[in-house]
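> coords please:
(chains A and B)
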Amino acid sequence: MSENRHFEPEDRPQMDPKYLLRWEKSQDAYVLLYPEGVIKLNSSAAEILKRCTGEFNVDKITAELKALFVDSTNIEKSIYKFLEVSHAKGWIRD
Amino acid sequence: MPKDGLEIRLDGQGKPMWLVLELTYRCPLKCVWCNNPLDFDQYSKKELSTEEWKRVLHEGRELGALQLGFSGGEPMLRDDIEELVEEAERLGYYTNLITSGVGLTLERLKALKKAGLKQIQLSLQSANRDLTDELVGARAHDLKVDVARMIKAEGFPMVLNVPIFRQNIDQVEDILGLAEDIGVDYIELANIQYYNWALLNREELLPTREQIERAEASVVATRERLGKKMTIYFVIPDYYETRPKACMNGWGTIHLTIAPDGAALPCQEVRVIEGLEFPTVREHSLEWLWNDSPLFKKFRGDEWMKEPCRTCDEKEKDFGGCRCQAFLLTGDAANTDPACAKSPHHHVIEMAVNKARQKHHEPKPLVRRQIGAVTTVFMAHK
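Okay, the predicted model is just below:
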């Protein structure tokens, strides 16, 4: 398998169009829907993916997330980690 | 077809996350592994109307269903599928069309795109025209490949569903090559499961362990080569596992199937189990059928389990396997699935596997899915 993609502050991650992100009332959460699957997201994961439109760079995403969550210690590191994992899973692409 | 449950990565919290509508059992193909009932022809007069299906869609969403499969038979034989997709999209489902490709014209494909259809699963049986046509009992190969390319050209994510058995398992590499050329996103090479028509033809269809190992090696090599370009699932038959599949992720936990006549089923094959009642959406609400009907309560949880499942430390992992397989091969749906090596009936699986290995077996004709192929008058039809 290919090596993990590392993201830089100026990268503009974009969700793969196969994945559909939306709010699901019955789960009280954002879900990621794709062929043959459903993934329930926690709120920070959903807030990151909502911004993976190709429009925002990682720097901007990080700044917005910091403003959203009260406890934002180490948030920067976890955002980069989450993007890496999302890329490996194919949710976001280059 | 029953799934091993690996595709749903969410605890349904008691909700039917995955709703499958079997719109019709009618189909132009005659596949020898078809999972539709042997008496499929008894259902065409009882098919739900467009308005009845719409009511099912509404009630399903209220119960928390998210993923929606339009299946069959061949769902494209219904002329209201575009209307149903549109309604489902309006209600917030993720819509999947599961088709043989027959009847999926460019015009209808465009209409489905417009209606909001998210994804298409297309079946293909081999990379070889003559073999596909022989296996499905119709000239379908070229049409299927054309439809696959058309689906990609219209911008749909696509899963290529390839049922695997003795006759095509040695061509896995060619099939993967064709899929790569078409540009499919996901390919599911799924060894067929043995119910209904497939069970009738099992002796001819079950591959050998050596064949499975070779196919798996091709899959691993192709995965290495293609990386993320194409996701390849390879499902080996439970006959060659020592533990049963976590069938439907447990009875009545996340899967709800509605048959053409409106019967609400925990899985598509469940009518093979004798002695159960199958009430329909014509007489009951979906909410009652899912939550309270005796059928859905029958094997929910683990109260019903016998030994060795009852005290097994893996019972929460595989839920005792498949109830239909337990019934078909042991005569009691509450028995441990005989695919499990711990089952006292495991020898029935071993016998089938040994038979597949015999070099000099006398070939039997494959029974094609068609009216009159087998006598079904003995089947008490409700």
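> Quick check: which ranges of chain B have low pLDDT?
For chain B, the stretches with pLDDT under 70 are B:1-13, B:360, B:379-382.
> helix or strand for residue A:39, which one?
Residue A:39 belongs to strand A:37-41 when assigned by DSSP states H and E.
> And the most centrally placed residue in chain A, how far from chain B?
Centrality entry for chain A: nearest residue to the mean C-alpha point is residue A:49, 3.1 Å, by Cα atoms, centre = their mean. Counting by Cβ to the nearest Cβ, to the nearest Å, the gap from residue A:49 to chain B is 15 Å. For every residue, glycine as well, the C-beta is placed using N, CA and C.
> Tell me who's in contact with that residue.
With contacts defined as Cβ atoms under 8 Å, 6 or more residues apart in numbering or on different chains, the neighbours of residue A:49 are A:15, A:21, A:30, A:32, A:41, A:86, A:91, A:92.
> near chain B at all, the biggest helix by length in chain A?
The residue-count maximum for a helix in chain A (DSSP state H) belongs to helix A:75-89. No. Helix A:75-89 does not reach chain B (Cβ under 8 Å from any Cβ of the partner chain); its nearest approach is 8.5 Å.
> List the buried residues in that helix.
A:75, A:76, A:78, A:79, A:80, A:82, A:83, A:86, A:87 (16 or more other Cβ atoms under 10 Å in any protein chain shown).
> thinking again about what came up before, spell out the secondary structure type for the residue nearest to the centre of chain A.
Three-state assignment for residue A:49 (DSSP: H, G, I helix; E, B strand; the rest coil): helix.
> Could you measure from it over to residue A:16?
11 Å (Cβ to Cβ, to the nearest Å).
> overlap in contacts of those two?
A:91, A:92.
> Not counting sequence-adjacent ones, nearest residue to residue B:285?
The shortest distance from residue B:285 to any non-neighbouring residue, by Cβ to Cβ, 6 or more residues apart in numbering or on different chains, is to residue B:59 (6.4 Å).
> What residues does that neighbour make contact with?
B:281, B:285, B:286, B:287.
> quick one: the closest residue to residue B:101 other than its chain neighbours from residue B:219, how far?
Distances taken as Cβ to Cβ, 6+ apart put residue B:147 closest to residue B:101, at 3.7 Å, once the chain neighbours are dropped. From residue B:147 across to residue B:219, the span is 24 Å (Cβ to Cβ).
> cool, and residue B:273?
Counting by Cβ to Cβ - residue B:273 and residue B:219 are separated by 33 Å.
> Next: residue B:95.
Distance, residue B:95 to residue B:219, by Cβ to Cβ: 29 Å.
> Those two - which one has more neighbours?
residue B:95 (23 against 18; other Cβ atoms under 10 Å in any protein chain shown).
> Does chain A have contacts with the strand or helix carrying the more buried one?
Remark: residue B:95 resides in strand B:94-99, with elements defined by DSSP H and E. Yes. Strand B:94-99 is in contact with chain A by Cβ under 8 Å from any Cβ, via B:94, B:96.
> Skipping adjacent residues, who's closest to residue B:170 in space?
residue B:211 (6.4 Å).
> got the contact list for that neighbour?
B:166, B:169, B:170.
> Close to chain A: what parts of the stretch 201-350 of chain B are there?
B:223, B:224, B:227, B:228, B:231.
> I'd guessed the last one sits against residue B:180; true?
So the one you mean is residue B:231. No. Counting by Cβ atoms under 8 Å, residue B:231 sits too far from residue B:180 to count as a contact (12.0 Å).
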